[in-house]
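Undergrad: When you get a sec, could you give me coordinates for this:
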Amino acid sequence: MMNFETIQKQNQENFDVAIKSLNAMTKGFQDIAKEAADYAKQSFETSSAATEKLLASKSIDKAFEVQTEYAKSAYESFVAQATRMGELYADIAKEAYKPFEKAMPKVVK
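TA: This is a model prediction of the structure:
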């Protein structure tokens, strides 16, 4: 009988660890979705502003200047966003692993 109770307790602990890990992943993916939506909105606004400037340019030189400025800004923004997304994914992995990390010493004993 003691063996059954031990197994049942261990199964409950394993379930709790899995739920904590899943909750961490869910929160992380929600953060990623929010970050992606914010970036898409900001990117759209930036490109709309650049298009307006481009259409308002009076010369070819000014149009090239506006386009170059926009391309540089868009590239820098993309690199920053890609870095941020990479950090968010790394954070998800760390947070999802933490519950298992705490449970591992129990398993090793």
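Undergrad: Could you pull out the helices in this structure for me?
TA: Shown for the chain, the helices assigned by DSSP state H span residues 2-56, 60-108.
Undergrad: how about CSV for those, with mean pLDDT added?
TA: As requested, the helices of the chain are arranged in CSV below (pLDDT from 0 to 100):
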stretch, mean pLDDT
helix 2-56, 92
helix 60-108, 90
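Undergrad: and those helices as a markdown table, adding mean neighbour count?
TA: Glycine gets a C-beta too; all of them are placed from N, C-alpha and C. Output for those, formatted as a markdown table (neighbours: other Cβ atoms under 10 Å):
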| stretch | mean neighbour count |
| --- | --- |
| helix 2-56 | 12 |
| helix 60-108 | 13 |
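Undergrad: you'd agree residue 53 is up against residue 67?
TA: No. Counting by Cβ atoms under 8 Å, residue 67 is not a contact partner of residue 53; they are 9.2 Å apart.
Undergrad: show me the contacts for residue 81.
TA: Contacts of residue 81 were listed using Cβ atoms under 8 Å, 6 or more residues apart in numbering, and they are 35, 39.
Undergrad: That one and residue 100: what is the separation?
TA: From residue 81 over to residue 100 the distance is 30 Å, taken as Cβ to Cβ, to the nearest Å.
Undergrad: again, but for residue 92
TA: Taking Cβ to Cβ as the criterion, residue 92 is separated from residue 100 by 14 Å.
Undergrad: Same check on residue 6?
TA: Distance of residue 6 to residue 100, computed by Cβ to Cβ: 20 Å.
Undergrad: got it, and residue 44?
TA: From residue 44 over to residue 100 the distance is 40 Å, taken as Cβ to Cβ.
Undergrad: again with residue 66
TA: Distance check for residue 66 against residue 100: by Cβ to Cβ, it reads 52 Å.
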